[in-house]
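# only geometry, no sequence info:
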């Protein structure tokens, strides 16, 4: 059990153990209980969507969920592949629109011109592969 104190080392240890930045600055046990309850509720809500490919698609590509968590434009170049692949596997009718939106994720403009072109080529190659060779699961 971790002793909750005001010292920075204890707080950093709590963040390391839980992997959760939400615990930064917590100095009382009641604050931990409140944060854990929130994380538990949010986690179980997300788990409901992870039961099948359609749920994953809804979690990753639903505008309602995306708008409440983050905009699709906030996907970085490292996170665009998963929603696209899941959309194809789930036979999402908006696959083409998702592919188009994810073609220019946040952070792309920060890359060198060479890296931007490389990303675009990889993205186009993946989209083509998914269209031509991957059959939806549902």
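Right, received. Where do you want to start? Predicted model, so just to flag it, every value in this text is computed and none were measured.
# so what's residue 88 closest to, chain neighbours aside?
Distances taken as CB to CB, 6 or more residues apart in numbering put residue 130 closest to residue 88, at 4.3 Å, once the chain neighbours are dropped. All C-beta spots, glycine's among them, are computed from the backbone N, C-alpha and C.
# got the contact list for the strand or helix carrying that neighbour?
Here residue 130, judged by DSSP states H and E, is contained in helix 113-133. Residues from elsewhere that reach helix 113-133, judged by CB atoms under 8 Å, 6 or more residues apart in numbering: 77, 80-81, 84-85, 88, 95, 99, 102-103, 108-109, 111.
# I'd like to know which helix or strand in this structure has the lowest mean pLDDT.
Ranking every helix and strand in the chain by mean pLDDT, DSSP states H and E puts helix 63-69 at the bottom, with a mean of 52.
# and the residue nearest to residue 88, how many residues sit next to it?
Residue 130: 18 surrounding residues under other CB atoms under 10 Å.
# do the same with residue 127
A total of 19 residues lie near residue 127 under the criterion other CB under 10 Å.
# do residue 118 as well
Count around residue 118 with other CB under 10 Å applied: 13.
# Let me know the distance separating it from residue 125.
With distances taken as CB to CB, to the nearest Å, residue 118 is found 11 Å from residue 125.
# who's in contact with the residue lying closest to residue 83 once chain neighbours are set aside?
Sequence neighbours aside, residue 60 is the residue nearest to residue 83 in space, at 4.1 Å (criterion: CB to CB, 6+ apart). Contact analysis of residue 60 by CB under 8 Å, 6+ apart lists 66, 82, 83, 86, 87.
# can you list those residues in CSV and add distance to residue 55, secondary structure and neighbour count?
Shown next, in CSV, are the contacts of residue 60 (distance: CB to CB, whole Å; DSSP: H, G, I helix; E, B strand; the rest coil; neighbours: other CB atoms under 10 Å):
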residue, distance to residue 55, secondary structure, neighbour count
66, 14, helix, 19
82, 14, helix, 13
83, 13, helix, 22
86, 10, helix, 21
87, 13, helix, 25
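# In those residues, which has the lowest confidence score?
Across these, the smallest pLDDT goes to residue 66, namely 50.
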